[in-house]
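J.: Here you go, sequence then predicted model.
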Amino acid sequence: MSVAVAIVAKSWQKRFPDSGTARVRTLLVAAGAALFLPGCVLFSFAPLPDTVQAEVAQAVDRGFDGIIVYVDQADETAVYTAGVSSREDQAPVEPDTLFKIASISELSIATATVKVAACGLLSLDDTLGDLMPELAGRIEYAESITLRLMLQHRSGIPNFADQSDFRWIDPLQNAQQDTCLAFP
């Protein structure tokens, strides 16, 4: 953080060298930079670790619970892990650990869907019943829930992962049970 603040302060001093209030302005700018610069900008001034494993471990030091990095370069693949897979039992992350990714993928899915709709391959007004008729009997109002409503998170379909019997550890078992939608 001090590097970013120093850069801002130096540039301010160069711009207003003879001002009687230059020091006060420098302090204000430095304080503002310290409060409002995003962490990624501040971390970008730190030297990079020498290895991928060290960088993965550094991510855990910065607040990630656990992380998996898969590297596929030419003929070489490698998997790097660090941290814990669960805060409760503190089990270490393994290469096949599953994480709850929350809403990370929503923007990518919405963007891809709108691009496909722009190409005319589907319509945002298509219903769930039109797109996946095999689910029509399993989801209430499937004939009136549009793709647009699903992308806006206004479909009314409950979040199956919030059910108390949803098993995050064994997603294949969920597909065999009727606790979530199983797709063929």
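T.: Sure, I can see it. Bear in mind the structure is a predicted one, so any value in this text is a computation, not a measurement.

J.: buried sites along stretch 125-140?
T.: Along stretch 125-140, these residues count as buried under the neighbour rule (16 or more other CB atoms under 10 Å): T127, L128, G129, L135, I139. Every residue, glycine included, has its C-beta placed from N, CA and C.

J.: which residues of this protein fall in helices?
T.: Remark: helices of the chain, listed N- to C-terminal, are 2-15, 22-36, 39-43, 52-61, 106-118, 128-131, 147-151, 171-176; assignment by DSSP state H.

J.: Take the buried residues of stretch 125-140 and lay them out in a markdown table including distance to V79.
T.: Below are the buried residues of stretch 125-140 laid out as a markdown table (distance: CB to CB, whole Å):
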| residue | distance to V79 |
| --- | --- |
| T127 | 41 |
| L128 | 37 |
| G129 | 41 |
| L135 | 35 |
| I139 | 37 |
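
J.: what's the closest of the residues you listed to S108?
T.: When these are ranked by distance to S108 (CB to CB), L128 comes first, at 20.3 Å.

J.: residue contacts, the closest one?
T.: Taking CB atoms under 8 Å, 6 or more residues apart in numbering as the contact definition, L128 lies against L135, A136, I139, A142, E143, I145, T146, L147, M150, S155.

J.: do you know how far it is from I67?
T.: With distances taken as CB to CB, to the nearest Å, L128 is found 35 Å from I67.

J.: you'd agree A136 is up against G129?
T.: Yes - the pair A136 and G129 passes the contact test of CB atoms under 8 Å, sitting 4.4 Å apart.

J.: what touches both of those two?
T.: A142, E143.

J.: What are the structural domain limits within this protein?
T.: Residue ranges for the domains of the chain, per automatic domain parsing: 2-43, 47-96, 106-176.

J.: Lowest average pLDDT across those?
T.: Mean pLDDT per stretch puts domain 2-43 lowest among the domains of the chain, at a mean of 45.
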